[in-house]
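**Q** Structure, please.
(2 chains)
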Amino acid sequence: RKEVEQDPGPFNVPEGATVAFNCTYSNSASQSFFWYRQDCRKEPKLLMSVYSSGNEDGRFTAQLNRASQYISLLIRDSKLSDSATYLCVVIGDDKIIFGKGTRLHILP
Amino acid sequence: DTAVSQTPKYLVTQMGNDKSIKCEQNLGHDTMYWYKQDSKKFLKIMFSYNNKELIINETVPNRFSPKSPDKAHLNLHINSLELGDSAVYFCASSQVGRAANEKLFFGSGTQLSVL
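**A** Residues are numbered from 1 along each chain as shown, chains lettered A, B, ... in the order given. Sure thing, here's the model as predicted:
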C-alpha cells in the first residue's frame, strides 16, 4: 500500500454541485493532515487543516477517519474557481508526504 | 510582499551544465525545504534545513547540493545537469523545526528544462 493515495481524477462536476474525494494513508501513527490546492503551473497553497473532529471553512469540509485511515474533502456549491488539483498531505514520523493529487474540473 | 521567493522562474540549460536556484523567505520561519515536482505532478521532498542545519536529505543524487547561508535562504546548486532533472522545483518554508503540524508556504516554483 502506498504511503498516501488519492484518486487522480479528473472529477468533472457541474457548477453548483457538491463533490467529495478521499485520501488514504498507510501509517497509522500519522499525526497531522492537510489539504492543499494547486492551480495549473502554480505552487501548492494550504487550503485547510484536517482535525479528528472535522472542520468546516465556508463551502469546504474536511474530515479525518483514523479507524479507516483516510481523510476527505467535501466542496459544496462548487464554483468555477474551485477547478484545481487538490493534494492531501500526511505527516508522521517527522515525514511530510504529499499525495499525487486529485484533479477537479468544475463545468459551467 | 512575497513570503517565499525563488529565482529564476524559468531555467533552460544544456546537459552537463551547472546551475543554481535561489530561495528566500521573509516569514521568519526556521525550516526551509526543496521539493521536486516531475511531469507526473508528483511532489517529492528533496531536502529540509532547520536553522541552517540539514535535517532531511532524501535519496537525491549528490549532484544536488543545498546551501543555507542563513535561515532565511536556502539555495539549490545542481552539477552536471541531466535530462531527468527537468522538473519544477519548489522552495518552501514552515514555522516549526519538526514535521508535526507543519504548514508549508511555497515559492512560485522554478521550471527547469534540460536540453
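
**Q** What residues are recorded as beta-bridge partners of A:T24?
**A** For A:T24, the beta-bridge partners under DSSP bridges are A:E5, A:Y70.

**Q** okay but A:T102 is in contact with A:G9, surely?
**A** Yes - because the distance of 4.8 Å satisfies Cβ atoms under 8 Å, A:T102 is recorded as touching A:G9. From N, CA and C alone the C-beta is placed, and that goes for glycine too.

**Q** So for these two, which residues contact both of them?
**A** Common contact partners of A:T102 and A:G9 (Cβ atoms under 8 Å, 6 or more residues apart in numbering or on different chains): A:F21.

**Q** who has more neighbours, those two?
**A** For A:T102 versus A:G9, neighbours defined as other Cβ atoms under 10 Å in any protein chain shown are more numerous around A:T102 (22 against 16).

**Q** ok, for B:Y35, nearest residue in space, not its chain neighbours?
**A** Distances taken as Cβ to Cβ, 6 or more residues apart in numbering or on different chains put B:F90 closest to B:Y35, at 4.4 Å, once the chain neighbours are dropped.

**Q** what residues are up against the one you found?
**A** By Cβ under 8 Å, 6+ apart, the contact list for B:F90 reads A:43-44, B:6, B:34-37, B:43, B:106-107, B:109-110.

**Q** mind running it again at 7 Å?
**A** A:43, B:35, B:37, B:106-107, B:109 (Cβ atoms under 7 Å, 6 or more residues apart in numbering or on different chains).

**Q** Tell me, how many residues neighbour the residue of chain A found nearest chain B?
**A** Minimum separation of chain A from chain B (Cβ to the nearest Cβ) falls at A:E43, amounting to 3.8 Å. A count of nearby residues for A:E43, using other Cβ under 10 Å, gives 22.

**Q** need the strands for chain A, in chain order.
**A** A:4-6, A:11-14, A:19-25, A:32-38, A:44-50, A:55-57, A:60-65, A:70-75, A:84-92, A:95-98, A:102-107 (DSSP state E).

**Q** pull the helix or strand with minimum mean pLDDT from the chain.
**A** All of this refers to chain A. strand A:95-98 (a mean of 86; mean pLDDT, DSSP states H and E).

**Q** that's the other chain; I wanted chain B
**A** For chain B, counting by mean pLDDT, DSSP H and E, that's strand B:53-57 with a mean of 79.

**Q** The residue in chain B positioned nearest to chain A and A:P108: what is the separation?
**A** Minimum separation of chain B from chain A (Cβ to the nearest Cβ) falls at B:F106, amounting to 3.8 Å. Distance of B:F106 to A:P108, given as Cβ to Cβ, to the nearest Å: 29 Å.

**Q** coming back round to it: and the least confident helix or strand of chain A, what's buried?
**A** With burial defined by 16 or more other Cβ atoms under 10 Å in any protein chain shown, the residues of strand A:95-98 counted as buried are A:96-98.

**Q** That one packs against which elements?
**A** If contacts are counted by 3 or more Cβ pairs under 7 Å, 6 or more residues apart in numbering or on different chains; DSSP states H and E, strand A:95-98 sits against strand A:84-92.
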